[in-house]
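# build me a model from this:
(2 chains)
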Amino acid sequence: MLNVLIIGVGQCGNRILDSINKEAFGGSALAKYYGTQKFKSHVETIAINTAVNDLKELKHTKAKDRIQVPHLHGVGANRNVGKQTFEENKELLLRVIEERGDFDVAFVIASSSGGTGSSFAPLLIEAMKERYKYNVYGIIVLPFREEGSIYLQNSIFCVKEIMDGNCDGTIIVDNQYLKHLGKDIKSAYDEINLTIVKRFLFLLTALDSEMMMVTDLGDFKTVMSGGIKLATMGFGEGDKNMPIKSVIQHSISYAGLLFKLDPYKESNRAMMIIEGDEKYLNINDITSEVEKLSSEIGQIFKGILLKSGKMPKVLTLLSINSSTELDRLFELGIDAVHKEREKKEQTTELSREIKNRFEGLEPQY
Amino acid sequence: MPVGAVKTETFSLENYTGLNFMNGLYKIEVIEMSKPGDMPFVKVNLITGGLTKQYYVRINEDPSIKDEPFNQINLNSSFISEKVAMIAIQFPDTWGSPVKYTIEKPVIPEKIPNIVLKKSVDKTSLNQGDVVEFSIIVENTGNGTAYNLTLDEKLPQGFTKAAGSSFPPTIQDELKAGGSLEIRFALKAVESGVSNIEPTTIKYGSKTARSNSISLTIGKSNLLTVINLDKTNIFTGDPVEVTVKLTNIGNSSAEAVLIEGPIPKGMEVTEGDLRQVYNKIEPGESEEYSTTLKAVESGNYSVSLKTSYSDDSTGFSSKSDLIIVTDKEKNYLFILIPAILIIAGIALFVIRRHREYSY
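Sure, this is the predicted structure:
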């Protein structure tokens, strides 16, 4: 059994973490009062935030697992404040992690665009990598593009810092890409979070299961470290009338991925986990699809979980070696930085002019 | 035909008179004479040589006697009345005149019928409603046929005609000497007590024959039902045992005994059945059964049962003492405390979980 640590940082990371805990209870809102969590592995969860209200919103994460960085009510989307706060509270946070014991693997979930998550996540991953021997992976959520220039610039700096750091790999999830999942902003967030959670739990379960064809934590590490140390996940679920071939194809299609990616051109390693009843898993279909993908991207690790009576499910983890969508995000982010700088310079000039006008003036009574 | 010289003499002979020739050498005895309306004849015994032959003498018939040794004479009659006959006898002239004598008249026994009756029944002790079969054996122990038989049988007190049997019985007109016959009939007992069956009489000619009389005992069952309770003051939910005892205090068996009654409204049967059936309860014997009732509602109740049986198809009711049922104070603590503990446990668990997840 694997020992897994999952840390949600910031509002987005906390909510995804809370959804993970809820799903582990079976998805019922009241299950926490009578049920037990059904993780395959030994899982510890920690929610870290500077905003106490965000921590209070959580429903399925134990109070002892909610860590508020003291004396703050959020960093106001300012990554510099966030970084400073992290450094001031780094030992506190690491002590909290150490109190949970030793782990085989850790995941840090955060939004790239906000304040706390965006600023804490790269630093926390670095700190953990420096302090602990186990692999630390990030799950980073990219923002809706219309969320504004600060979020965009936060996002690109966050991603860049993670890419430049010692993180063992990061799974990226793009809200912009997934916004079709909800009708309004709240339902979109909820559905995106649930989508991430279900895939992540499927991955966790698979990594800790006896499979017909082995994919383990080592394979996962190899996939995650490929390319630019970024990856994304695709998922497909079939029924008795859908051949496994179609389910695999769905998992690497735009409809199945968490980030806009052309798997055949922009990925260089993959892990494919196939689950279902033996009667639905046609080996020829599986082999042909895997061969088709591997002939383009290179290495594919595949694992098959036989589960009697279950409809076929396919989770594909794709490492990214190049990404048009990521480039576009970076461009938007850089534009946002320039715009912010121009606005700041304009503000500074205006301030200077006002100061000059007030030179030598005193109020007269 | 006499051989040699013969002589003929005519004699006036009455019935049971005879002529003795030569000191018994040959005897002629008149033993029967025709009755009025008959063709006139005289029946005589011819006795000679130790032999006897009966011979009919009729008017103007051939007088010769052919059979030896009786053919020593010839007989001829010219007149025959019912008392006297004139008979001409031709006999050897060597014989002297016969000596007339009177012969002893044979005593002919009179043929008299004698009817003897024997009356019997298949049982002498019976119950009301039982059917008893009578048998009358009529025997003619006399030596004459009994004529014009008429039978007289009275319907005994306490009995009625039985289905399938005709009453009064009848008898055939005559019964020959030595003959016998059996007359059977059946009657149904309808009243209890001792019944003396009068003798059957049969008249024949001027005589009357009587049978024996019979005494029959017609018994009646009489059931007594007593309902006992093991307790009369109970609380709701408590059981009460009802014991029903049936005793036959009559002198006949009670059959097809049925005892039944409703369950008191505020009670229910937990064991046994208030309804019972017994095939037979002999006189002096008892049957007993128990049923357990449970009080469901408070109130005053009694067990009322109806007993019916063969001698009392209408039945009679018996009632128990009053059962006073009062509400038991329910000890809700037995329910409440575990419930509270369970709820408290759940609440504590939920609160603990809630605190675990409250921030």
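# what's the pLDDT at residue 143?
Picked chain A for this. You'll see residue A:143 listed with a pLDDT of 92.
# ah, I was thinking of chain B
Note on residue B:143: pLDDT of 90.
# contacting residues for residue A:199?
Shown in contact with residue A:199 (C-beta atoms under 8 Å, 6 or more residues apart in numbering or on different chains): A:233, A:235, A:258, A:315. Bear in mind the C-beta positions are built from the backbone N, C-alpha and C, glycine included.
# SS state for it?
Here residue A:199 is recorded as helix under DSSP: H, G, I helix; E, B strand; the rest coil.
# what of the one 3 residues further on?
Recorded secondary structure, residue A:202: helix (three-state DSSP).
# okay, now it: neighbour count?
Residue A:202 has 19 neighbouring residues, counting by other C-beta atoms under 10 Å in any protein chain shown.
# I'd assumed residue A:154 was in contact with residue A:329.
No. Using C-beta atoms under 8 Å, residue A:329 is not in contact with residue A:154, being 11.7 Å away.
# how about the contacts made by residue A:194?
Residues near residue A:194 by C-beta under 8 Å, 6+ apart: A:19, A:23.
# where does it fall, phi/psi-wise?
Note on residue A:194: backbone dihedrals following degrees, to the nearest 10 are phi -70, psi -40.
# next one: it relative to chain B, how far apart?
Counting by C-beta to the nearest C-beta, to the nearest Å, the gap from residue A:194 to chain B is 19 Å.
# also residue A:54?
Residue A:54 sits 10 Å away from chain B, going by C-beta to the nearest C-beta.
# once you drop chain neighbours, what's closest to that residue?
residue A:11 (4.5 Å; C-beta to C-beta, 6 or more residues apart in numbering or on different chains).
# tell me, how many residues neighbour that neighbour?
Around residue A:11 there are 23 other residues, counting by other C-beta under 10 Å.
# quick check: it is in a strand.
No. Counting by three-state DSSP, residue A:11 is not part of a strand but helix.
# that older thread, looking at residue A:329 and residue A:154 now, which is surrounded by more residues?
residue A:154 (27 against 23).
# what does the model give that one for pLDDT?
In this prediction, residue A:154 carries a pLDDT score of 94.
# secondary structure class for the residue nearest the centre of chain B?
Closest to where the C-alpha atoms of chain B average out (C-alpha atoms, centre = their mean) is residue B:134, at 1.6 Å. Classification of residue B:134 using three-state DSSP returns strand.
# enumerate every residue touching the nearest residue in space to residue A:126 that is not next to it in sequence.
Counting by C-beta to C-beta, 6+ apart, residue A:165 is the residue found nearest to residue A:126 once chain neighbours are left out, at 5.0 Å. The contact partners of residue A:165, by C-beta under 8 Å, 6+ apart, come to A:122, A:125, A:126, A:129.
# mind running it again at 10 Å?
Residue A:165 makes contact with A:121, A:122, A:123, A:125, A:126, A:129, A:136, A:138, A:229, according to C-beta atoms under 10 Å, 6 or more residues apart in numbering or on different chains.
# what about the third one, how many neighbours?
Looking back up the chat, that one is residue A:123. With other C-beta under 10 Å as criterion, residue A:123 counts 20.
# next one: it from chain B, what distance?
According to C-beta to the nearest C-beta, residue A:123 and chain B sit 24 Å apart.
# for that residue, phi and psi?
With angles defined as degrees, to the nearest 10, residue A:123 sits at phi -70, psi -40.
# for the nearest residue to it once chain neighbours are set aside, helix, strand, or coil?
Excluding the flanking residues, the one nearest residue A:123 by C-beta to C-beta, 6+ apart is residue A:86, at 4.8 Å. Secondary structure, three-state DSSP: residue A:86 is helix.
# in the stretch 201-350 of chain B, what residue comes closest to chain A?
residue B:350 (4.8 Å; C-beta to the nearest C-beta).
# any idea how many residues pack against residue A:125?
By the criterion of other C-beta under 10 Å, residue A:125 has 26 neighbours.
# which ones are touching it?
Applying C-beta under 10 Å, 6+ apart to residue A:125 gives the contacts A:7, A:9, A:106-108, A:110, A:136-138, A:161-162, A:165-168, A:170.
# did I read that right, it in a helix?
Yes. Counting by three-state DSSP, residue A:125 is part of a helix.
# quick check: the farthest pair among the contacts of residue A:199?
A:258 and A:315 (10.9 Å; C-beta to C-beta).
# find residues that contact each of those two.
Listed contacts common to residue A:258 and residue A:315 are A:199, A:233, A:234, A:235; contacts here mean C-beta under 10 Å, 6+ apart.
# which among these count as buried?
A:199, A:233, A:234, A:235 (16 or more other C-beta atoms under 10 Å in any protein chain shown).
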